[in-house]
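> Below are the sequence and a predicted model for it; my questions follow.
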Amino acid sequence: MKQANAKASPFLAKFAEDLELADNLLTGAVPSELGNLPQLQQLRLDQNELTSSIPSELGKLVRLRELDLHSTKISGTIPDELYDLTSMRVFSLYEMNLTGTISTLVGQFSLLFRFHARNNHLTGAIPTEMALIPRLRSTWLQFNDLNGTVPSIVCAPERSRWEFVVDCASDQITGQTPVECELGCCTECCDPVTRECFRPEG
């Protein structure tokens, strides 16, 4: 195992655009010093044994287009500072230990086309601001503790090809649905108990 370390030469700090260290046996916390790489556009630390929380300093990476931390042991909330990264296209934070809510600030991701946050412990409602992101094409929110109703804008005909997956399957015992989704809005409904997903029929 290798400890994550961001001590880089001044050359790297000035010119690095892509940092791909996926599946590299890294341990420890994500170094806050990564926020000092001003040219960084892609940061992939997924499929490592990383722990602790997401450093808010990553919110200084104003050119960042892709952040991938999936399949790590990182916990805590999604820092509000990350929503300031308006160049973001791919936001992959699935299969982690994240808690808290999805902020309404998510609407600032005006260029985002992939928001993947399945299999965490996120709570609260799905913000309408997320559904208003014009380029968003793939949303994974299943296997969380979300509630409420999927924003109706997701049901618009022009968005019929969007991938939108949530826990909208009815509990077989109580009949209750974690997230209400109008027929035709969600491409897949998942059951957080059985961990199965299916396409709604109608």
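Nice, I can see it. Residues are numbered from 1 along each chain as shown.
> Mind jotting down where the helices sit in the protein?
Secondary structure of the chain, counting by DSSP state H: helices at 10-15, 128-131.
> buried residues in the last one?
What it means is helix 128-131. 128, 129, 130, 131 (16 or more other CB atoms under 10 Å). (Glycine included, C-beta is placed from N, CA and C.)
> Alpha carbons of that helix, as CSV, please.
Taking Å, rounded to 0.1, in the frame of the first residue of the first chain, the C-alpha atoms of helix 128-131 are listed here in CSV:
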residue,chain,number,x,y,z
THR,A,128,-34.8,20.7,-8.7
GLU,A,129,-31.6,22.5,-9.6
MET,A,130,-30.1,19.2,-10.6
ALA,A,131,-32.8,18.5,-13.1
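> Now distance to residue 190 too, for the buried residues of helix 128-131, in CSV please.
Below are the buried residues of helix 128-131 laid out as CSV (distance: CB to CB, whole Å):
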residue, distance to residue 190
128, 21
129, 23
130, 18
131, 18
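> nearest to residue 104, of these?
residue 129 (4.9 Å; CB to CB).
> what's near enough to touch the nearest residue to that closest one once chain neighbours are set aside?
In this structure, residue 129 finds its nearest non-sequential neighbour in residue 107, 3.1 Å apart by CB to CB, 6 or more residues apart in numbering. By CB atoms under 8 Å, 6 or more residues apart in numbering, the contact set of residue 107 is 127, 129, 130, 132, 133.
> can you do 10 Å?
Contacts of residue 107 were listed using CB atoms under 10 Å, 6 or more residues apart in numbering, and they are 83, 127, 128, 129, 130, 131, 132, 133.
> From residue 196, how far out is it?
Remark: distance between residue 107 and residue 196 (CB to CB, to the nearest Å) = 31 Å.
> Tell me the predicted confidence for the closest residue to residue 57 other than its chain neighbours.
Closest residue to residue 57 apart from its sequence neighbours, by CB to CB, 6+ apart: residue 35 at 3.1 Å. What the model reports as pLDDT for residue 35 is 95.
> for residue 169, what are its contacts?
Counted by CB under 10 Å, 6+ apart, residue 169 has contacts 142, 177-179, 181, 188-194, 196-198, 200.
> Out of those residues, which sit inside strands?
188, 189, 190, 191, 196, 197, 198 (DSSP state E).
> filter these to the buried ones?
188, 189, 190, 191, 197.
> Tell me the one of these nearest residue 122?
The closest of those, once distances to residue 122 are taken by CB to CB, is residue 190, at 13.8 Å.
> Give me the number of neighbouring residues for residue 25.
10 (other CB atoms under 10 Å).
> repeat for residue 114
Neighbour tally, residue 114, other CB under 10 Å: 18.
> now the one 10 residues further on
The local packing count at residue 124 equals 14, with neighbours defined by other CB under 10 Å.
> Begin at 44, not 1, for the rest of this chat.
Sure thing, new numbering starts at 44, so read that last one as residue 167.
> Looks like it contacts residue 121 (just checking).
No: applying CB atoms under 10 Å as the test, residue 167 and residue 121 come out as separate, 11.8 Å apart.
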